[in-house]
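1. no sequence on this one, just coordinates:
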C-alpha cells in the first residue's frame, strides 16, 4: 500500500512546488523579517492590518480611506435633458442601494419637482423610476428636500416663499395623499429640511416671524407635534436623525451671529440638548435656499458644515460635535480663505467628503464655477495632494452621495436646461 501512494505523493509535491506558491518565498522572507507568522499575526500576538487598497474603505484602519490613492473624477455626462428647467437637486442613498433624487424645476413664475430613482451602479442613465411629483407652486421655491422611511417610502418637500408642500411616494412609485400644505396667507412657512424618525416624518420650517418649527407629521400629513425654536429669522436650518435623537443646526441672525445646534428626542417630547453655540463660528452661516446637507450623523456624533464669513471672504468649515454639546474635533477650514461656498457633504466609511464651489473664470472661462471635493479623514484632517482635493467645472446647483463603491455627483447646469452627473471612483 505504501508503494501505491509514493508515486502520486511525489507528483503532488512537485506540482505544488511549481504552481501552488500561495505565499511565495519572498513574501515568507518579508514576513519572517517582520516577525509575522503564516496566519498574518505578529509573533508578539498583535494582528497585522491588511494593506490599503482603493475601494472606498479604510482597509488598514488608520482612519483615512484609500490613503495613497487619487480618486478619478469622470467628465460630466447628461443624465436627463427633458426635465423642465431643472435647478435645485438633492440625492440620497436608498435602502435598496439605489439613489433617490429630487429635482426642483423652476421658471420665473412657478416651481415643481420630479423624483428620479437611479440604479445602484451605472449606467445611471438607465433610470429605474422617473415621475413628476404633484407638488406645484405658483412662485419660486426656497428649498427642496428628500428622505426615505424604512418601508421604502420616499418623502419629498418643497419650500416656497409662502408655504411648505409635502408629498409621499410609496415603494411602487405611487404618490400617496398629497401634496399637504403647511402655512398660508397669514403665517407662511418656508421648508428648511425633511427628516425621517421612527415616529414619522419631521418637517423643519421657518415662518415669517422668524420662528423655526420642527413638526412631527401624522400618517395622513397632519401635525402630531410641533416644537418651536425661537430666536432666529431666516431659513438656514437643517436636521439629522441620530441614535440619540433628532439633531438640528441653524444660523443665528440675532446676536451673537453664529451657528447653533441642539437635540430633541426622536418623538419630539423632550429637549435633550438646549441650543448650543459653536464658539468659533461668529458671523458664520449655513447656506439657505440650497438643497445640500449641513449636518450628518457619525454614530452619536455630528458633522456640521458651515460657511465662515470673514472680511468678505467665505471659507467652508467643518466641526465634529457630540450630542451632549462638546466639540470633539475641529473646526477645520477646508481651504485657504477664498470665495468658496459649501454645497453638500457625504460619509465614506467614517471619512467626510465635502463639495464646495467657487468662481474661477480664469480657469474655466467667463462666469464659470469650480467645484471642489475635499476629503477629510476620521481625525478631521484634510487629505493632502496628490490624493485630494479634486476640482472640476461645477454650478451652484449640485449634490453628491456615496454609494459605498463610488461617489455620484449631480448638477443642474447654470442655465437650467440639463441635469448632469459624474462618477468619482478608484483608478
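-> Nice, thanks for sending it over. Quantities reported herein were computed from a predicted structural model and do not represent experimental measurements.

2. below-threshold pLDDT in the stretch 51-200 of the chain: ranges please.
-> Filtered on pLDDT under 70, the stretch 51-200 of the chain yields the residue ranges 82-84, 107-109, 136-143, 160-162, 177, 183-192.

3. contacts only, for the closest residue to residue 150 other than its chain neighbours.
-> The shortest distance from residue 150 to any residue other than its chain neighbours is 7.1 Å, reached at residue 95 (Cβ to Cβ, 6 or more residues apart in numbering). Backbone N, C-alpha and C define where each C-beta goes, glycine included. Contact analysis of residue 95 by Cβ atoms under 8 Å, 6 or more residues apart in numbering lists 148, 150, 152.

4. and the first one, what is it in contact with?
-> When contacts are counted by Cβ under 8 Å, 6+ apart, residue 148 touches 92, 94, 95, 100, 154, 155, 196.

5. how about the first one, secondary structure?
-> Applying DSSP: H, G, I helix; E, B strand; the rest coil to residue 92 yields a three-state assignment of strand.

6. correct me, but it touches residue 144?
-> No: the pair residue 92 and residue 144 fails to qualify as a contact (Cβ atoms under 8 Å) at a distance of 11.8 Å.

7. the two: which is more packed in?
-> Counted by other Cβ atoms under 10 Å, residue 92 and residue 144 do not tie: residue 144 has more neighbours, with 27 against 18.

8. can you tell me the helix or strand for that one?
-> strand 141-148 (DSSP states H and E).

9. between the contacts of residue 95, which is nearest residue 424?
-> Nearest to residue 424, judged by Cβ to Cβ, of the contacts of residue 95 is residue 148 at 22.5 Å.

10. tell me, how many residues neighbour the nearest residue to residue 152 once chain neighbours are set aside?
-> Distances taken as Cβ to Cβ, 6+ apart place residue 171 nearest to residue 152, at 3.5 Å, with adjacent residues excluded. As a burial measure, residue 171 scores 14 neighbours (other Cβ under 10 Å).

11. give me every residue that touches residue 171.
-> So residue 171 contacts 151, 152, 153 (Cβ under 8 Å, 6+ apart).

12. what distance do you get for it to residue 220?
-> Per Cβ to Cβ, to the nearest Å, residue 171 is found 19 Å from residue 220.

13. over to residue 394?
-> Residue 394 is 40 Å from residue 220, by Cβ to Cβ.

14. neighbour count: the two, which is higher?
-> residue 394 (26 against 9).

15. if I look at the closest residue to the more buried one other than its chain neighbours, how far off is residue 397?
-> The shortest distance from residue 394 to any non-neighbouring residue, by Cβ to Cβ, 6+ apart, is to residue 371 (2.7 Å). Remark: distance between residue 371 and residue 397 (Cβ to Cβ) = 11 Å.

16. common neighbours of these two, please.
-> In terms of Cβ under 8 Å, 6+ apart, residue 371 and residue 397 are both contacted by the residues residue 411.

17. how long is stretch 158-172 from one end to the other?
-> 22 Å (Cα to Cα, to the nearest Å).

18. just the buried subset of the contacts of residue 148, please.
-> 92, 94, 100, 154, 155, 196 (16 or more other Cβ atoms under 10 Å).

19. out of those residues, the closest to residue 130 would be?
-> residue 100 (11.5 Å).

20. other SSEs contacting the host helix or strand of the closest one?
-> Taking DSSP H and E as the criterion, residue 100 maps to strand 99-106. On a contact count with 3 or more Cβ pairs under 8 Å, 6 or more residues apart in numbering; DSSP states H and E, strand 99-106 meets strand 86-93, strand 111-118, strand 141-148, strand 154-160, strand 407-412.

21. packing partners for the fourth one?
-> Read that as strand 154-160. Against strand 154-160 (3+ Cβ pairs under 8 Å, 6+ apart) you get strand 99-106, strand 111-118, strand 141-148, strand 164-169, strand 189-197, strand 200-207.
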